[in-house]
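Novice: sequence plus the predicted model coming up.
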Amino acid sequence: MKNNVIIVAGGKGLRMGSDLPKQFMPVGGKPVLMHTIDAFYNFDKNINIILVLPLSHQYYWTQLCKEYSFTVSHRIATGGETRFHSVKNGLDMVDEGIVAVQDGVRPFTSKEMICRCFDASCNYSAVVPVIDSTDSLRCVKANGKSEIADRSQIRLVQTPQVFHVDILKKAYETEYKTTFTDDASVVESIGGEVHLVKGEVTNIKITTPLDLKIGELIVNSI
């Protein structure tokens with residue numbers, strides 16, 4: 001089946017304390033977003049890559065591609081009001097097969113992990129990579145008090161989340177809810193079942209200046 005990926009890159013970089021959105025910041029010699037695209041291109045040279053960007057960022061991205069001589073084939077969809085609407089816009093450019101949805105600022109997803117997610121999609125219609133929590137967790141109640149949570153029952157969710165295209169398109173026909181925190185939650189809202197696979201601790205999401213420093217260490221260790 002045809003492989004597709006929707007890479008969502010609508011962040012404004014507010015937690016970076018910078019005017020430059022985090023997806024455009026350099027790590028390992030090139031912008032974060034280029035690493036993310038490369039990860040999927042290296043997995044499948046024929047994959048249909050859809051990059052979702054706010055309209056206001058699209059010209060800057062084309063200039064970056066020229067500056068870094070970045071030539072990996074991809075198409076651009078315009079971002080929406082929320083991540084939900086951005087993914088929905090990206091889905092309009094996908095026809096059939098299997099589709100992954102990836103955070104634009106997860107640049108270090110390995111080929112092995114992408115293979116694991118796509119391979120699992122042969123048997124499951126919704127696949128989500130997760131890692132164990134190594135920290136103790138507490139659940140805060142409505143009254144302000146908290147109680148310990150059993151971390152053995154908790155998993156930390158990553159991307160890419162991989163779906164059969166028809167299932168994800170059907171899920172995104174539903175009305176937007178603020179409880180939709182990722183694509184799996186949208187699929188679950190229509191009764192879809194989510195299958196978990198092993199993620200990677202190095203599959204970090206770049207959101208803070210510290211993450212960029214960690215990213216440099218990861219790039220140098222690959």
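Specialist: Received the coordinates, thanks.

Novice: end-to-end on stretch 22-38?
Specialist: From the first residue to the last, stretch 22-38 extends over 17 Å; the measure is CA to CA, to the nearest Å.

Novice: let me see the mean pLDDT of that stretch.
Specialist: For stretch 22-38, mean pLDDT rounds to 95.

Novice: run the chain-centre distance for that stretch.
Specialist: From the chain centre to the centre of stretch 22-38 is a distance of 14 Å (CA atoms, centre = their mean, to the nearest Å).

Novice: do stretch 115-122 as well
Specialist: With CA atoms, centre = their mean, you get 16 Å for stretch 115-122.

Novice: quick check: next helix or strand after the helix or strand hosting Ser86?
Specialist: Secondary-structure assignment from DSSP states H and E places Ser86 in helix 83-91. For helix 83-91, the following helix or strand on the C-terminal side (DSSP H and E) is strand 98-103.

Novice: and the angle for that next one with helix 83-91?
Specialist: Angle, strand 98-103 to helix 83-91, by axes from the mean of the first three to the mean of the last three CA atoms, to 10 degrees: 140 degrees.

Novice: so how far is Thr181 from the closest residue to Val140 other than its chain neighbours?
Specialist: Excluding its sequence neighbours, the residue lying closest to Val140 (CB to CB, 6 or more residues apart in numbering) is Ser146, at 4.8 Å. From N, CA and C alone the C-beta is placed, and that goes for glycine too. Counting by CB to CB, to the nearest Å, the separation of Ser146 from Thr181 is 21 Å.
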